[in-house]
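**Q** mind folding the following:
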Amino acid sequence: MATSTAVGTERVSRIVGYKLKKGDFSTSSPNLPQRIAIFAEANHANQGTLDTDGKEITDAQTAGSLYGYGSPIYNIMRILRPLSGGGIGGIPTIVYAQAAADGAAYKVLEVTPTGTATANGTHFLKVAGRDSVDGEVYALNIAKGDTTDAITQKIEDAVNNVLGSPFIGTSTDYEATLTSKWKGLTAEDLSVTVDVGDNALGLTYAVASTSTGAGTPSVTAALNQFGNEWVTIVVNSYGTVSTVMDALESFNGIPNPDTPTGRYTGIVMKPFIALTGSVADNPSTITDARLDDVTIAICPAPLSKGLPMEAAANAALLFGKTAQNTPQSDIGGASYSDMPTPISIGSMSSYDSRDSFVKKGCSTVDLVSGRYQVQDFVTTYHPVGEVVPQYRFCRNLMLDFNVRYGYYLLELINVVDHVIAANDDTVNAQNVVKPKQWLQVVKSYAADLGVRALVADVPFMQDSITVAISTTNPDRLETFFRYKRTGIARIASTDAEAGFNFGTND
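**A** Numbers count the residues shown, from 1 in each chain. A predicted model of the protein is given here:
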């Protein structure tokens with residue numbers, strides 16, 4: 001066998017040749033590269049030129065230009081890729097824009113001020129729990145003597161002067177009308193209040209809904225675009241709408257050991273976790289019915305005035321970076337970076353409630369230092385009779401995904417399209433694999449996984465590995481192994497015994 005084939009062995013005339021080949025000399029496998037898909041609507045003004053093909057977007061400004069500032073897509077991207085920089089970093093964010101559903105409707109609110117201002121001062125609109133977006137403030141600069149007509153104009157201006165506002169404002173002499181920039185059920189989550197601080201200035205404000213946001217598009221076409229790409233995280237802007245969750249679960253499938261389905265099928269094996277926001281007090285009422293599925297992970301922000309999609313974006317920011325850089329870790333103890341919080345988070349403020357929610361397949365948070373802090377990040381998976389649900393924690397699933405990814409890379413280098421030789425054969429050709437050679441590669445991989453803290457008890461995995469040439473198909477190499485996932489110290493339990501120091505009789 002020739003040491004070099006840069007110049008063919010059949011050549012005889014004088015020549016110098018040099019050939020460059022790809023090499024892989026890494027002593028450890030890389031982490032599974034994260035890829036985030038965003039399913040969300042564009043503003044109504046952008047629907048006419050909307051491209052629904054998946055498009056990688058690297059900054060919030062581009063999202064605003066293509067899909068509309070204040071749109072659901074923009075609301076998610078401004079958290080994943082804030083204008084101040086940082087955010088999700090180099091992890092690809094692919095936007096799958098959805099056209100508005102047939103018959104979709106705007107959310108419309110009317111704000112009616114009453115009275116005459118008795119002094120100068122500033123009131124603030126709170127739109128979806130926020131008094132500002134990207135540094136632009138919803139401020140009403142009230143002047144002494146202002147009456148209804150002046151104030152409604154100031155409400156209109158306050159909304160329209162904030163580029164990232166989800167509303168468009170108009171006004172009459174008596175009321176200001178705020179219309180969502182997009183049509184859809186997701187717009188129904190929008191709210192507006194007026195913060196008068198400690199001085200109402202002789203004014204009162206009434207807010208009434210005159211039109212309900214309605215309509216949810218299908219996500220099927222977007223899912224079908226995934227193809228052979230491994231999308232690891234889906235940001236589901238539609239919250240807990242059952243039709244969307246059903247479609248996500250059906251497409252992604254389940255890792256059933258006998259008959260896996262969807263993206264868990266053996267010849268595909270590129271599943272994802274769909275992050276789904278909720279501002280409900282108790283989202284476990286939704287997750288409890290989805291006990292056999294592993295796709296949905298609720299991202300709770302209980303009793304927030306923010307949008308559920310923003311909660312999902314916050315969780316995607318935490319989970320995506322952790323899964324990319326330290327997949328052996330968990331996001332428990334990490335806090336949402338940009339989510340409006342209430343004074344109290346209701347049921348989840350109780351540990352007993354959080355414990356109950358997790359057992360029903362619902363993630364939990366606590367309110368710590370004015371921010372939502374993740375306590376448990378789980379999928380809806382909690383089958384009856386499975387005492388320790390295998391696919392409960394999102395971290396464990398991502399760990400499994402990493403094991404599969406590293407193994408797949410080794411297969412491409414050492415197995416795929418190689419000639420299969422028996423263990424005792426003497427062979428000096430290139431691209432040959434013997435069962436015993438592949439066995440040693442997988443054993444080394446087990447050691448690598450142990451060093452990276454992805455698996456425990458490396459000898460257990462190594463001893464379980466079997467490799468054989470198929471007895472029915474000479475072109476088939478079969479491998480089996482077991483591994484034990486590492487755990488996370490989610491609970492620390494200590495007993496201490498204390499007593500008194502009594503004197504002794506000498």
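
**Q** residues near Val16, how many?
**A** Burial measure for Val16: 6 neighbouring residues, criterion other C-beta atoms under 10 Å. (C-beta placed from N, C-alpha, C; glycine too.)

**Q** from Gly8, how far out is it?
**A** 13 Å (C-beta to C-beta, to the nearest Å).

**Q** what helices or strands is the helix or strand that Leu409 is a member of leaning on?
**A** Using DSSP states H and E, Leu409 sits within helix 394-414. Under the contact definition 3 or more C-beta pairs under 8 Å, 6 or more residues apart in numbering; DSSP states H and E, helix 394-414 sits against strand 273-278, helix 308-325, helix 435-451, strand 484-485.

**Q** domains in this structure, by residue range?
**A** With domains defined by automatic domain parsing, the chain comprises 36-101+216-395, 108-128+136-188+202-211, 415-485.

**Q** ok, which of these comes nearest Ile491?
**A** domain 36-101+216-395 (10.1 Å; C-beta to C-beta).

**Q** nearest the middle, which residue of this structure would you pick?
**A** Ala316 (3.2 Å; C-alpha atoms, centre = their mean).

**Q** check contacts around that one.
**A** 36, 80, 88, 233, 235, 275, 299 (C-beta atoms under 8 Å, 6 or more residues apart in numbering).

**Q** again with Ser304
**A** By C-beta under 8 Å, 6+ apart, Ser304 lies in contact with 129, 279, 311, 339-342, 372.

**Q** so what pLDDT did it get?
**A** Confidence at Ser304, expressed as pLDDT, is 98.

**Q** which residues does the helix or strand hosting Gln61 contact?
**A** Following DSSP H and E, one finds Gln61 within helix 60-67. For helix 60-67, contacts defined as C-beta under 8 Å, 6+ apart pick out 42-43, 46, 50-51, 55, 57, 70-71, 73-74, 77-78, 81-83, 95, 97, 134, 163-164.

**Q** are any of those residues buried, and which?
**A** 42-43, 46, 50, 55, 57, 70-71, 73-74, 77-78, 81-82, 95, 97, 134, 164 (16 or more other C-beta atoms under 10 Å).

**Q** let's see which of the residues you listed end up in strands.
**A** Using DSSP state E, 55, 95, 97 are the members of the buried ones among the contacts of helix 60-67 that sit in strands.

**Q** if we can go back for a sec, mind listing which of the buried ones among the contacts of helix 60-67 are in helices?
**A** 73-74, 77-78 (DSSP state H).

**Q** farthest pair in these?
**A** Pairwise distances across these (C-beta to C-beta) peak at 9.6 Å, for the pair Ile73 and Arg78.

**Q** what mean pLDDT does the helix holding Gln61 have?
**A** 96.

**Q** what angle separates it from helix 72-80?
**A** Between helix 60-67 and helix 72-80, the angle comes out at 170 degrees (axes from the mean of the first three to the mean of the last three C-alpha atoms, to 10 degrees).

**Q** got the end-to-end distance for stretch 38-55?
**A** With C-alpha to C-alpha, to the nearest Å as the measure, the ends of stretch 38-55 fall 10 Å from one another.

**Q** what's that stretch in contact with?
**A** Applying C-beta under 8 Å, 6+ apart, the set of residues contacting stretch 38-55 is 37, 66-73, 75-77, 80, 93-100, 106, 181-184, 186, 217, 219, 221-222, 225, 234-238, 244, 309.

**Q** which of the residues you listed are buried?
**A** 37, 66-73, 75-77, 80, 93-98, 100, 106, 181-184, 186, 217, 219, 222, 234-238, 244, 309.

**Q** tell me the spacing between Tyr483 and Asp400.
**A** For Tyr483, the distance to Asp400 equals 9 Å [C-beta to C-beta].

**Q** and what of Ala42?
**A** Ala42 sits 35 Å away from Asp400, going by C-beta to C-beta.

**Q** same question, Thr379
**A** 12 Å.

**Q** and the two? which has more neighbours close in?
**A** It is Thr379, of Thr379 and Asp400, that has more neighbours when counted by other C-beta under 10 Å, with 25 against 19.

**Q** so what's that one up against?
**A** Taking C-beta under 8 Å, 6+ apart, one finds 273, 293-297, 361, 391-394, 397 in contact with Thr379.

**Q** before we move on, what about Pro342?
**A** Pro342 is in contact with 302-305, counting by C-beta under 8 Å, 6+ apart.

**Q** now do the contacts for Val241.
**A** 185, 216.

**Q** repeat that for the one 10 residues further on.
**A** Taking C-beta under 8 Å, 6+ apart, we find Phe251 in contact with 220, 223, 262-263.

**Q** tally of neighbours for Val384?
**A** For Val384, the count of nearby residues is 6 (other C-beta under 10 Å).

**Q** which SS class is it?
**A** Counting by DSSP: H, G, I helix; E, B strand; the rest coil, the backbone at Val384 sits in coil.

**Q** you'd agree it is up against Asp288?
**A** No: assessed by C-beta atoms under 8 Å, Val384 is found out of contact with Asp288, at 11.1 Å.

**Q** roughly how far does Arg392 sit from Leu291?
**A** From Arg392 to Leu291 the distance is 11 Å (C-beta to C-beta).

**Q** returning to that earlier point: out of the contacts of Ala316, which sit inside strands?
**A** Short answer: these in strands (DSSP E) are 36, 233, 235, 275, 299.

**Q** tell me the one of these nearest Thr122?
**A** Nearest to Thr122 out of the ones in strands among the contacts of Ala316 is Cys299 (C-beta to C-beta; 33.7 Å).

**Q** contacting residues for the closest residue in space to the closest one that isn't next to it in sequence?
**A** Nearest non-adjacent residue to Cys299, counting by C-beta to C-beta, 6 or more residues apart in numbering: Ala315, 3.7 Å away. By C-beta under 8 Å, 6+ apart, Ala315 lies in contact with 275, 277, 297, 299, 331, 336, 363, 374, 377.

**Q** ok, so of those, who is nearest Phe502?
**A** Phe502 lies nearest to Val374 out of the contacts of Ala315, by C-beta to C-beta, at 47.0 Å.

**Q** the closest one: what secondary structure?
**A** When classified by three-state DSSP, Val374 comes out as strand.

**Q** what count of nearby residues applies to it?
**A** Counted with other C-beta under 10 Å, the neighbours of Val374 add up to 23.

**Q** ditto for Val416
**A** Neighbours around Val416, by other C-beta under 10 Å: 12.

**Q** that one: which element?
**A** Judged by DSSP H and E, Val416 forms part of no helix or strand.

**Q** distance of it from Arg395?
**A** Noted for Val416: a distance of 30 Å to Arg395, by C-beta to C-beta.

**Q** identify the residue spatially nearest to Leu275, adjacent ones excluded.
**A** Ala312 is the one closest to Leu275 (C-beta to C-beta, 6+ apart), at 4.5 Å.

**Q** quick one: that neighbour and Thr240, what's the gap?
**A** 11 Å.

**Q** and if you look at Gly503?
**A** The spacing between Gly503 and Thr240, counted by C-beta to C-beta, is 65 Å.

**Q** quick one: which of those two has more around it?
**A** For Gly503 and Thr240, the more surrounded residue by other C-beta under 10 Å is Thr240, and the numbers stand at 18 against 5.

**Q** so that one touches Val279, yeah?
**A** No: taking contacts as C-beta under 8 Å, Thr240 lies outside contact range of Val279: 10.1 Å.

**Q** shared neighbours of these two, which are they?
**A** Going by C-beta under 8 Å, 6+ apart, residues that sit against Thr240 and also against Val279 are Pro308.

**Q** ok now stretch 483-498, how far from the chain's centre?
**A** In terms of C-alpha atoms, centre = their mean, to the nearest Å, the centre of stretch 483-498 is set 27 Å apart from its chain centre.

**Q** about what we covered before: would you reformat the contacts of Thr379 as CSV and include pLDDT, distance to Val194 and neighbour count?
**A** Listed next are the contacts of Thr379 as CSV, based on pLDDT from 0 to 100; distance: C-beta to C-beta, whole Å; neighbours: other C-beta atoms under 10 Å:
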residue, pLDDT, distance to Val194, neighbour count
Ile273, 98, 39, 25
Asp293, 96, 42, 24
Val294, 97, 44, 24
Thr295, 98, 40, 30
Ile296, 98, 36, 29
Ala297, 98, 35, 28
Gly361, 97, 38, 28
Tyr391, 96, 46, 22
Arg392, 97, 43, 22
Phe393, 97, 42, 24
Cys394, 98, 39, 25
Leu397, 97, 44, 25
